[in-house]
Structures are given as structure tokens and as C-alpha cells.
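Student: only the shape, not the letters, is given here:
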């Protein structure tokens, strides 16, 4: 069985407004039956505390639906934020979508 994978590519600053948009998108993706969600942060320049909360909320929604959430293309600012808040232990991150495909999808 092939899992249904959805890739979200937010851009700009992940703050309160964009964080709410992200939550809504994740909710729709779950309703549409996606098994795996990849959030590609390659176009995200900055994440504030609200954006971080949105990512955590997205993870909770996906887990509650028995799905899996991964993150890729994390810039240095976001990586440091993940490390400072210990979220690097919660989010499995990949260098880019190609690495995600090799390590996660090839293993399915």
C-alpha cells in the first residue's frame, strides 16, 4: 500500500497569521486522508513563537489522525530555534525533499 503524501511549502515569515493558515491547511490535508505530511521550509525566512506553536499544533493534529509529519529544508535560524526549544527531538528533519524521498518513501 502506497501512503498518501502531501507536501506543504509555506513561505516568508511563519508568524501568527501564517501559522493559523498552516493549521487550516493541515486540517484540510488530514480530512483528505493524507498519511504523511512533509512541511518544506525552504522559502520560510523566519519563524516566531506563534509559527513554532503552529508547527507543534500541526504535529499534534497529524499524530491524532495516525499520520506522520516531517520537516525539510530548515534554515539556520529555524534549526537554532528547534534546538533551543528541544523541538529538534520532536520533528524529524531532512536536508531537502530528495533526502526525505530517499529515507522515508523508499522505505515504505
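Tutor: It's in. Being a predicted model, the structure only gives us computed values, none of them experimental.
Student: pLDDT weak spots in this structure?
Tutor: Scanning the chain with the threshold set as pLDDT under 70 gives 1, 108.
Student: other residues contacting stretch 92-108?
Tutor: Defining contact as CB atoms under 8 Å, 6 or more residues apart in numbering, one finds that stretch 92-108 is touched by 2-3, 5, 7, 36, 38, 40, 42, 70-74, 79, 82. Every C-beta, even on glycine, is put in place using the N, C-alpha and C of the backbone.
Student: in helices, which of these fall?
Tutor: 79, 82 (DSSP state H).
Student: pull out the buried positions in the helix or strand encompassing residue 19.
Tutor: Element membership of residue 19 [criterion: DSSP states H and E] is helix 16-31. Going by neighbour count (16 or more other CB atoms under 10 Å), the buried part of helix 16-31 is 18, 19, 22, 23, 25, 26, 29, 30.
Student: likewise for stretch 100-107?
Tutor: Of the residues in stretch 100-107, 100, 104 count as buried by neighbour count, 16+ other CB under 10 Å.
Student: that stretch: end-to-end distance?
Tutor: Stretch 100-107 has an end-to-end distance of 10 Å (criterion: CA to CA, to the nearest Å).
Student: okay, now residue 86: neighbour count?
Tutor: When counting by other CB atoms under 10 Å, one arrives at 8 neighbours for residue 86.
Student: contacting residues for the most centrally placed residue in the chain?
Tutor: Closest residue to the average C-alpha location of the chain: residue 39 at 3.3 Å, with CA atoms, centre = their mean. Residue 39 sits next to 7, 8, 9, 10, 22, 55, 58, 69, 70, 71, 72 when contact means CB under 8 Å, 6+ apart.
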